[in-house]
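Asks: Here's a sequence, model it:
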Amino acid sequence: MSVSKNSSQLLNTWKRFKKNTMAVAGGVVVIAVIVVAIFAPYIATHPYSSQNLTNRLAPPSSQHYFGTDGYGRDVFSRVVWGSRVSLQIGFGAAGMALVIGIILGSIAGFYGGWVDNLIMRFTDVIMSIPALFLALTIISLFGASLVNTMIVIGIIYWTRTCRIVRGEFLSLRNQEFAEAARTIGAGDFRIILRHLMPNAMAPIIVQGTLFMAQVILIESGLSFLGLGAQPPIPSWGNMLTEGYKFLAVAWWIATFPGLAIFVMVLFFNLLGDGLRDALDPKQKLA
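Replies: Numbering: from 1, shown residues only. The predicted model follows:
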């Protein structure tokens, strides 16, 4: 009966989601970019670090779809490889932030009292520090790299997830199914993992999707400042850094990675908005 009910809920969720054309478009584009990132070695037409100074600043052509940069490197290939770097940081940082936020939020919401107050005051302290300032400080201390960028974003931006999960657990912990689990002797860990967490997953999924868009912007900003992925590894952010110097003579160097950032952020947000509406039990099928 439980399996049948879950299948029915998933079917209704899918029906609500596919009625949202923009959300479906967002999902298709996001999946397409993920496929591009996975198969980057086969899609890129040139090695991303291959330089040809005799062909620098070449405009878009049949040999170089997005032109070449100041070192004669193929911009199209670097944008393709940059999708892998940006998504790698995005999934890694978003995953870390979600794990930290879920753990602390579930503990705070389930136990309440002084545990809740302690975790929430710590959350308030982290939120009161300007995120960019904290990120710059940590990266300056430990160095700029792909892994450090991922870790820094993850340990700074978990606070919103923590608050969302806490709110869900506060509303769920005293409901009948949770009380029934306590009555039959289920331990706290089992109640949290088996009974409360599945009922709190909808806002967590939506938060994770929306956070991916935010992480891509954050990573691009840090890379633009030279504190993200380090050359010669291409990311959309450090490509913007290299390209803005040539805007007057070679617009394509910064334009195409900028468009890639715009497209990913836009369609991740569209996907997140669609998932939020589809997972809302108050939404009715027409």
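Asks: On the C-terminal side of the helix or strand where residue 220 lies, identify the next helix or strand.
Replies: Element membership of residue 220, judged by DSSP states H and E, is helix 201-224. Using DSSP H and E, the helix or strand that follows helix 201-224 in sequence is helix 236-243.
Asks: Check which helices and strands whichever helix or strand comes after that next one sits against.
Replies: The helix or strand immediately downstream of helix 236-243 is helix 252-278, counting by DSSP H and E. Applying 3 or more C-beta pairs under 8 Å, 6 or more residues apart in numbering; DSSP states H and E, one finds that helix 252-278 contacts helix 2-18, helix 21-38, helix 75-111, helix 201-224, helix 236-243. For every residue, glycine as well, the C-beta is placed using N, CA and C.
Asks: buried residues in the helix holding residue 220?
Replies: 202-204, 206-224 (16 or more other C-beta atoms under 10 Å).
Asks: ok, back up a step: need the helices and strands packed on helix 252-278 in JSON lines (columns: distance to residue 59 and mean pLDDT).
Replies: Below are the helices and strands packed on helix 252-278 laid out as JSON lines (distance: least, C-beta to C-beta, whole Å; pLDDT from 0 to 100):
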{"stretch": "helix 2-18", "distance to residue 59": "41", "mean pLDDT": "68"}
{"stretch": "helix 21-38", "distance to residue 59": "23", "mean pLDDT": "90"}
{"stretch": "helix 75-111", "distance to residue 59": "10", "mean pLDDT": "89"}
{"stretch": "helix 201-224", "distance to residue 59": "24", "mean pLDDT": "82"}
{"stretch": "helix 236-243", "distance to residue 59": "13", "mean pLDDT": "84"}
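Asks: Using JSON lines, please lay out the ones you listed together with distance to residue 62.
Replies: Formatted as JSON lines, the helices and strands packed on helix 252-278 follow (distance: least, C-beta to C-beta, whole Å):
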{"stretch": "helix 2-18", "distance to residue 62": "38"}
{"stretch": "helix 21-38", "distance to residue 62": "20"}
{"stretch": "helix 75-111", "distance to residue 62": "11"}
{"stretch": "helix 201-224", "distance to residue 62": "29"}
{"stretch": "helix 236-243", "distance to residue 62": "21"}
